[in-house]
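# could you work out the structure for the sequence below:
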Amino acid sequence: MSDKAKVGYLINHLTEKALLWATPLWENKKPIIYDYEGFTSELKRTFDPSRRATNAGRSLFHIKQGNKRVADYAIEFKTLVSEVLWPNDVLTLAFTEGLNEAFMFELAPLKLPESLEHLIDFCIAMDDQIRERRHTRDRPRRVLPPLPSLPRHSSTSGGSENEKTDLPVVEPMQIGRTGISEAEKAHRKEKGLCFYCAGADHFRLRCPQRPRVGRVEHSRVGFRTGDTQVVGSLCASFVDNEKKKSRILLPISLAWEGVHLKTEAFLDSGASGNFMDKNFAAKNLIPLVLRERPLRVEAIDGNPLACPHITHDTVDVCMKIGVLHQETIRFQIIESPSCPVVLGFPWLTEHNPVVDWVQRDIKCWGQSCQSKCLGTVNVIGSLNIATAPPLSTEVPECYRALKEVFSKARTEVLPPHRPYDCAIDLLPGTMPPRGHVYPLSQRENDIMEEYIRENLERGFIRRSSSPAGAGFFFVSKKEGDLRPCIDYRGLNRITIRNAYPIPLITELFDRLKGARVYTKLDLRGAYNLVRVKKGDEWKTAFNTRSGHYEYLVMPFGLCNAPAVFQDLINDTLREFLQEFVIVYLDDILIYSPDMDTHHVHVKQVLKKLLKAGLYCKLEKCLFDIITVQFLGYIITPGGFQMDPKKLSAILDWPLPQGLKAIQRFLGFTNYYRRFIKDFSALVAPLTAMTKKGVGNQKWTPQATQAFETLKQAFTTAPVLRHPDPALPFQLEVDASELGLGAVLSQREAPDKPLHPCGFYSRKLSPAEKNYDIGNRELLAVIAALAEWRYLLEGSKDPVVIITDHKNLTYIGDAKRLNSRQARWSLFLSSFNYVLTYRPGSRNIKADALSRQYESYEHNIQDQHPIVPQERIIAATTISVSSPLMKRLQTVQGAAPGGKPPAKLFVPENEREEVLNIYHDNKTSGHMGITKTVSSISKLLWWPTLRRDVKDYIACAKCAQGRKVQNSTHWLTPAFADPRTTLVTCSHGFYSRAT
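The predicted structure follows:
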């Protein structure tokens, strides 16, 4: 083969830039194409890989992150890395050099991964977290410049650590300490050891045992006049163990933007401000704000410090000390590695605590704290309870023997089949639908793949060939993570419901009277601790981009999952439920009258959970506390109140637009209606907007005022008392023409005021509005007793019922009662009560609950029912015979398209029998077109249903019973002389011919 043919063959295999370079040479018949060796040499010289590597290496130290995301910077960096063969250490150095200064400040206090891949992943995750935190912050803040950093140091030529600085270093005179020899210096330099203490994890400038230059060791923190702040070395430099023993360090809890942190605060009466170490703030991602004017910092003797100015403050954070003391505080940022949090003289003067200097603890708070900082619980002085952290990080010592119940590894094993397995029973003749694959973002796809891989390894899911299939998607948790969800709506529509009851939350809290100590347990992977019933796994199948899978454990999203799990947890803890445990699905609250009893109760519960194979999530458990957040309420020994987080959501709620938005607001506020006096009256204008009709969703001035008044009412809602069955109850009731209301109260002692246990109010139904005043007032008594029956029935002391209708006090002595009053009298016989009269002018509480409706509705006159009670019959249910149902189920395969799910198709030969059952049957009553179609459509369907019904009901009986439209009604003239003899009287009925 000639050289020209070889060159042509080579050019045919070139691509991109190399092909563009060689094509002109071939087309212009340059001499080089006739010399194969010369052509290959020129090709290698032009496109030398080593030159590309050199260019890429040069670019690696020039690219910068700038304002880009770390993920974008990493892509550009990895593209260049693929062309070089540098070691890992050099690549990690090049990557960190390219990060912007603000991001490097965030990384400064953290330990970074050693490998390049792990470092890049760590930085991307850190950058996403910082950006998400800034994006979700309550109020917008400008981008802050980085805090002043420590002086930068240059490396030695030998690649040693930052031992040389741009500033001269003069060590202070130290008694009993001499310099090290040159040989020792060389040894430490070779091994990378500290020149001061020979430690291996830091250098001399960062040595914790080395006094800092320019600082006075015994200076204190304080303000001088003007804009100068004095900060001494006691909080900014190393303090030895003897000095640590002389400090007062308070355990505190800090909270901001949903984040909780436990640390210690140093009480320093010589400090004129409240300070926080900048590295501590950066490590815990505490948001900072830039001060409008920097504050100059110096030691108390006037010497300058390494951090010359205070330029940043923290945002307002919530600080909690002990069990009850809580406040909002802002810290100034300084360099104070040995004391991350300092509470100075202004804080001490504001709170004026009584300090036990021997025990180094605060024994009592000042008078100003009683109204501002301390909680509403002031009755637990006899309890000596340690401060509980916001979230548990380790098992308390008294429960350490049962730490296995907090095992995470146990929850990652497929549980065994039990009698409580989740069954998925479908309606006859139905089949679970097959959903579509939802589009997911790249991040969601990565999390989905990880979720599937982990659950396949655990055995929680398996590959499926099921004909069913639901969609897979994500929803955000309140912590910002993503929760995988399966779209089981189609499956739930055709599933037979499990009727096991879920507890009433309001009834649960009424058991807490007498409790002083609480423990809250949260189960880990609760639903995944229950198996799907054998043979029903195929119904849980779900679709993903990577395959088709089905669950072996009970997933979230099934309509029967809450009932199944409630059945399991109730049977597990049944012997404790009425004694000292409240259970609502996977949330468990243990309550006791004292600490010793509480420890016994918690151990009993943990043993039961461990025996049943149920495990707790330690990081979400709270042990031995006296204030707990549970199911949206704040529970204390003195009562319970609304959760401030939920309350803030109500206060910030914008004006709802549209029917669904109004219903969402009403549903959310209805959860706390027991706290709000006149709740039904307040929401009456909003409730009226949800009724059917054109224009009901238009906001009127009355509705807007009601919306704002309701939000304001939540800010002044009282703390409700835990009902005590051992104390007498007082029930105040009243009724108006449009509504009724009641207040349940108790008195802790004869000389103490009444405290409300709950409010109740509702509007009257159209039928109830026709009652006379006596029956309405009696209805208010019956409704209130029914609402709190579980508290009042069987009470030891008589329930004092106060009414402003005097006639009710004689209800027990009435000689004649109508049927309604007789039924109510039978209901009243179950209670031990005393009816007491109080004039309406003094019955203010209950009267207000019932009469606020009158500003929105008007009742022109009293109306009385004209149909005798004995003429009213009970409602009947129309049912289809079993033989017909069996015949219909056998022909469902021939159903045409468009058949609604969960309904049976009726073929033509069976339709007449169905129409006879739903129209001609004695219990049907010859209903009209609309009602007949509605009754049939609940279970059955065929395409011409309405037309067939219209034709079928045109029978003689229906025509005879139909009302004549537009008929003329003549007035009957009066007799001229009623005293004369009646001669002729005739009467006839006329009907339309059929």
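
# residue contacts, N775?
Shown in contact with N775 (CB atoms under 8 Å, 6 or more residues apart in numbering): R820, Q821. Just so you know, the C-beta spots here come from the backbone N, C-alpha and C atoms, and that holds for glycine as well.

# assign a three-state SS to it, would you?
helix (DSSP: H, G, I helix; E, B strand; the rest coil).

# same thing with the one 4 residues further on?
When classified by three-state DSSP, L779 comes out as helix.

# report the separation between it and R762.
10 Å (CB to CB, to the nearest Å).

# quickly list what's touching both of those two.
Contacts common to L779 and R762, judged by CB under 8 Å, 6+ apart, are L740.

# can you list contacts of the longest helix along the chain?
When the chain is scanned for its longest helix (criterion: DSSP state H), the result is helix 116-135. By CB under 8 Å, 6+ apart, the surrounding residues in contact with helix 116-135 are 69-71, 74, 77-78, 81, 88, 91-92, 95-96, 99, 103, 106-107, 112-113, 141, 257, 285, 287, 480.

# and the residues you listed, which are buried?
Listed as buried from those are V70, A74, F77, V81, L91, T92, F95, L99, F103, E106, L107, P287; burial here means 16 or more other CB atoms under 10 Å.

# did I read that right, the third one in a strand?
Same thing as F77. No. Looking at F77 with three-state DSSP, it is helix, so not inside a strand.

# which stretches of the stretch 651-800 of the chain form strands?
For the stretch 651-800 of the chain, applying DSSP state E, counting those that start in this stretch gives strands covering 729-735, 739-747, 754-763, 799-803.

# for L884, find the nearest of those strands.
Minimum separation from L884 across the strands of the stretch 651-800 of the chain (CB to CB) falls at strand 754-763, 43.0 Å.

# what's the offset of the closest one from the middle of its chain?
Centroid separation for strand 754-763 versus its chain: 28 Å, with CA atoms, centre = their mean, to the nearest Å.

# that one - contacts with which helices or strands?
Strand 754-763 sits against helix 679-682, strand 739-747, helix 773-787, helix 844-851, with contacts defined as 3 or more CB pairs under 8 Å, 6 or more residues apart in numbering; DSSP states H and E.

# got the angle between that strand and strand 739-747?
Interaxial angle, strand 754-763 versus strand 739-747 (axes from the mean of the first three to the mean of the last three CA atoms, to 10 degrees): 170 degrees.

# what angle do strand 754-763 and helix 773-787 make?
120 degrees.

# neighbours of S41, how many?
12 (other CB atoms under 10 Å).

# report the mean per-residue pLDDT for the strand or helix carrying it.
S41 is located in helix 36-46, with elements delineated by DSSP states H and E. Per-region confidence: helix 36-46 scores 79 on mean pLDDT.

# okay, it in CSV with CA atoms only?
The C-alpha coordinates for helix 36-46 follow below in CSV (Å, rounded to 0.1, in the frame of the first residue of the first chain):
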residue,chain,number,x,y,z
TYR,A,36,3.1,8.7,5.7
GLU,A,37,5.7,9.0,8.5
GLY,A,38,5.9,12.8,8.0
PHE,A,39,2.1,13.1,8.2
THR,A,40,1.8,11.1,11.4
SER,A,41,4.6,13.1,13.0
GLU,A,42,2.9,16.3,12.1
LEU,A,43,-0.4,15.0,13.4
LYS,A,44,1.2,14.0,16.8
ARG,A,45,2.9,17.3,17.1
THR,A,46,-0.2,19.3,16.4
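
# check which helices and strands it sits against.
Helix 36-46 packs on helix 3-12, helix 16-27, going by 3+ CB pairs under 8 Å, 6+ apart.

# and among these, the most buried is which?
Mean neighbour count (mean count of other CB atoms under 10 Å) peaks for helix 3-12 among those, with a mean of 15.

# that older thread, in helices only, show me the buried ones among the contacts of helix 116-135.
In helices, defined here by DSSP H, the members of those are V70, A74, F77, V81, L91, T92, F95, F103, E106, L107.

# of all those residues, which two lie farthest apart?
Pairwise distances across these peak at 23.4 Å for V81 and E106 (criterion: CB to CB).

# closest to Y633 among the ones in helices among the buried ones among the contacts of helix 116-135?
Nearest to Y633 among these: E106, at 37.5 Å, using CB to CB.

# OK, contacts around that closest one?
Contact partners of E106, counting by CB under 8 Å, 6+ apart, are M126, I130, A282, L285.

# reformat these as a markdown table; add pLDDT and distance to C194.
Listed next are those as a markdown table, based on pLDDT from 0 to 100; distance: CB to CB, whole Å:
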| residue | pLDDT | distance to C194 |
| --- | --- | --- |
| M126 | 85 | 28 |
| I130 | 81 | 32 |
| A282 | 84 | 23 |
| L285 | 83 | 29 |
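
# ok, and the most crowded of the residues you listed?
Neighbour tally across the contacts of E106 (other CB under 10 Å): the maximum, 19 neighbours, falls on A282.

# my read: it touches A108, true?
Yes. In this structure, A282 is within contact of A108 by CB atoms under 8 Å, at 6.4 Å.

# excluding its backbone neighbours, what's nearest A786?
Nearest residue to A786, sequence neighbours excluded (CB to CB, 6 or more residues apart in numbering): F827, at 7.7 Å.

# now do the buried residues in the helix or strand harbouring that neighbour.
Following DSSP H and E, one finds F827 within helix 819-828. By 16+ other CB under 10 Å, the buried positions in helix 819-828 come out as Q821, W824, L828.

# ok but E97 is inside a helix, no?
Yes. The assignment for E97 by three-state DSSP puts it in a helix.
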